[in-house]
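**Q** predicted model and sequence follow; I will ask about them next.
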Amino acid sequence: MRDCNPAEGLTDQEEQTFPMAENQLSRPAGGVCHLYVRHTENYTLAANELITRATIELTVAMGLYILWAPEGTSVTVESLCARWREGRTLIRRALRELEEIGFLERRVEQGPGGRLTTRTIIHHLPRDLAFPSDSTTPAA
(Lines give C-alpha, C1' and ligand atoms only; values in the text may rest on other atoms or scores of the structure.)
Protein backbone atom coordinates (compact mmCIF):
# COMPACT_ATOMS: atom_id res chain seq x y z
CA MET A 1 0.00 0.00 0.00
CA ARG A 2 1.36 3.42 -0.88
CA ASP A 3 1.53 6.28 1.61
CA CYS A 4 -0.48 9.37 0.70
CA ASN A 5 1.56 11.78 2.77
CA PRO A 6 3.58 13.80 0.24
CA ALA A 7 5.54 15.56 3.00
CA GLU A 8 6.80 12.38 4.69
CA GLY A 9 10.56 12.34 5.07
CA LEU A 10 11.00 16.02 4.30
CA THR A 11 12.69 18.43 6.66
CA ASP A 12 10.63 21.16 8.33
CA GLN A 13 12.01 23.71 5.88
CA GLU A 14 11.15 21.60 2.82
CA GLU A 15 7.73 20.75 4.24
CA GLN A 16 6.75 24.44 4.38
CA THR A 17 7.43 24.94 0.66
CA PHE A 18 6.37 21.56 -0.71
CA PRO A 19 3.71 22.08 -3.43
CA MET A 20 0.44 20.41 -2.46
CA ALA A 21 -1.22 20.42 -5.89
CA GLU A 22 -3.78 17.63 -6.14
CA ASN A 23 -2.20 16.06 -9.22
CA GLN A 24 1.06 15.52 -7.30
CA LEU A 25 -0.47 13.33 -4.61
CA SER A 26 0.33 9.66 -4.64
CA ARG A 27 -3.01 7.81 -4.36
CA PRO A 28 -3.92 4.26 -3.50
CA ALA A 29 -6.16 2.41 -5.92
CA GLY A 30 -9.21 3.18 -3.79
CA GLY A 31 -10.44 4.26 -0.40
CA VAL A 32 -9.45 7.22 1.69
CA CYS A 33 -6.24 9.16 1.19
CA HIS A 34 -4.96 11.20 4.14
CA LEU A 35 -3.41 14.60 3.55
CA TYR A 36 -1.64 15.28 6.83
CA VAL A 37 -1.13 18.78 8.17
CA ARG A 38 0.99 19.65 11.18
CA HIS A 39 -1.41 21.18 13.72
CA THR A 40 -0.01 23.91 15.92
CA GLU A 41 -3.19 25.57 17.26
CA ASN A 42 -6.98 25.21 17.40
CA TYR A 43 -7.20 21.41 17.29
CA THR A 44 -8.32 18.55 19.50
CA LEU A 45 -6.75 15.09 19.64
CA ALA A 46 -9.03 12.10 20.06
CA ALA A 47 -8.22 8.43 20.48
CA ASN A 48 -9.42 6.13 17.71
CA GLU A 49 -11.27 4.13 20.37
CA LEU A 50 -13.81 6.94 20.69
CA ILE A 51 -14.89 6.29 17.11
CA THR A 52 -14.51 2.52 17.06
CA ARG A 53 -16.20 1.77 20.40
CA ALA A 54 -19.18 4.12 20.15
CA THR A 55 -22.40 2.75 18.69
CA ILE A 56 -24.36 6.03 18.69
CA GLU A 57 -23.17 8.81 16.37
CA LEU A 58 -24.02 11.44 18.97
CA THR A 59 -21.66 9.71 21.40
CA VAL A 60 -18.70 10.51 19.13
CA ALA A 61 -19.81 14.12 18.60
CA MET A 62 -20.44 14.64 22.31
CA GLY A 63 -17.12 13.00 23.23
CA LEU A 64 -15.27 15.30 20.84
CA TYR A 65 -17.13 18.33 22.18
CA ILE A 66 -16.29 17.46 25.79
CA LEU A 67 -12.65 16.78 24.86
CA TRP A 68 -12.56 20.23 23.22
CA ALA A 69 -14.42 22.10 25.98
CA PRO A 70 -12.30 24.29 28.26
CA GLU A 71 -12.04 23.35 31.95
CA GLY A 72 -15.19 24.34 33.82
CA THR A 73 -17.55 24.15 30.82
CA SER A 74 -20.97 22.86 31.84
CA VAL A 75 -21.74 19.48 30.29
CA THR A 76 -25.05 18.80 31.99
CA VAL A 77 -27.89 17.24 30.03
CA GLU A 78 -29.57 20.66 30.02
CA SER A 79 -26.52 22.49 28.62
CA LEU A 80 -26.01 19.79 25.98
CA CYS A 81 -29.71 19.99 25.01
CA ALA A 82 -29.17 23.70 24.36
CA ARG A 83 -26.27 22.86 22.03
CA TRP A 84 -27.77 19.90 20.12
CA ARG A 85 -31.27 19.45 18.77
CA GLU A 86 -31.41 15.80 19.83
CA GLY A 87 -33.69 15.18 22.78
CA ARG A 88 -32.82 14.57 26.40
CA THR A 89 -33.22 10.81 26.05
CA LEU A 90 -30.64 10.47 23.26
CA ILE A 91 -28.24 12.87 25.00
CA ARG A 92 -28.51 10.85 28.23
CA ARG A 93 -27.94 7.65 26.25
CA ALA A 94 -24.84 9.12 24.57
CA LEU A 95 -23.41 10.26 27.92
CA ARG A 96 -24.10 6.82 29.39
CA GLU A 97 -22.33 5.21 26.44
CA LEU A 98 -19.31 7.50 26.95
CA GLU A 99 -19.21 6.16 30.52
CA GLU A 100 -19.59 2.53 29.41
CA ILE A 101 -16.78 2.72 26.86
CA GLY A 102 -14.48 4.36 29.41
CA PHE A 103 -14.22 7.98 28.26
CA LEU A 104 -16.49 9.72 30.76
CA GLU A 105 -16.69 9.58 34.51
CA ARG A 106 -19.27 11.44 36.59
CA ARG A 107 -18.79 11.84 40.34
CA VAL A 108 -21.16 13.43 42.80
CA GLU A 109 -19.13 15.57 45.20
CA GLN A 110 -19.96 17.82 48.09
CA GLY A 111 -19.09 21.39 47.22
CA PRO A 112 -18.78 24.52 49.35
CA GLY A 113 -21.59 24.90 51.85
CA GLY A 114 -22.49 21.21 51.58
CA ARG A 115 -24.09 21.56 48.13
CA LEU A 116 -23.85 18.44 45.96
CA THR A 117 -22.36 18.91 42.50
CA THR A 118 -21.50 16.55 39.70
CA ARG A 119 -17.91 16.58 38.50
CA THR A 120 -17.51 15.31 34.96
CA ILE A 121 -14.12 13.85 34.06
CA ILE A 122 -13.26 13.21 30.42
CA HIS A 123 -10.55 10.63 29.79
CA HIS A 124 -8.46 11.22 26.68
CA LEU A 125 -7.91 7.47 26.50
CA PRO A 126 -10.56 5.03 27.67
CA ARG A 127 -9.86 3.96 31.24
CA ASP A 128 -9.04 0.36 30.28
CA LEU A 129 -6.23 1.59 28.00
CA ALA A 130 -5.03 4.50 30.14
CA PHE A 131 -4.75 2.37 33.28
CA PRO A 132 -4.15 -1.24 32.24
CA SER A 133 -4.95 -3.70 34.96
CA ASP A 134 -1.97 -5.07 36.85
CA SER A 135 -2.43 -8.74 37.74
CA THR A 136 -0.25 -8.28 40.85
CA THR A 137 -2.55 -5.60 42.31
CA PRO A 138 -5.70 -6.81 44.04
CA ALA A 139 -8.95 -5.51 42.56
CA ALA A 140 -10.55 -2.62 44.43
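**A** Sure, I can see it.
**Q** for Arg93, which non-adjacent residue is closest in space?
**A** Spatial nearest neighbour of Arg93, excluding adjacent residues (CB to CB, 6 or more residues apart in numbering): Ile56 at 6.4 Å. Backbone N, C-alpha and C define where each C-beta goes, glycine included.
**Q** that neighbour and Gly63: what is the separation?
**A** 10 Å (CB to CB, to the nearest Å).
**Q** please apply the same query to His124.
**A** His124 is 10 Å from Gly63, by CB to CB.
**Q** which one of these two has more residues nearby?
**A** Counted by other CB atoms under 10 Å, His124 and Gly63 do not tie: Gly63 has more neighbours, with 26 against 12.
**Q** that one and Gln110, how far apart?
**A** 28 Å.
**Q** could you do Pro28 as well?
**A** Distance from Pro28 to Gln110, by CB to CB: 56 Å.
**Q** now do Thr52
**A** 37 Å.
**Q** and what of Ile101?
**A** 28 Å.
**Q** coming back round to it: overlap in contacts, His124 and Gly63.
**A** Ala46 (CB atoms under 8 Å, 6 or more residues apart in numbering).
**Q** which residue ranges of the chain form helices?
**A** Applying DSSP state H to the chain gives helices spanning 12-17, 48-53, 57-68, 77-83, 88-100, 127-130.
**Q** flag every buried residue along the longest one.
**A** Buried positions in helix 88-100, judged by neighbour count with 16 or more other CB atoms under 10 Å: Leu90, Ile91, Arg93, Ala94, Leu95, Glu97, Leu98.
**Q** TSV please, covering those and showing pLDDT.
**A** Converted to TSV, the buried residues of helix 88-100 look like this (pLDDT from 0 to 100):
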residue	pLDDT
Leu90	96
Ile91	97
Arg93	97
Ala94	97
Leu95	97
Glu97	97
Leu98	96
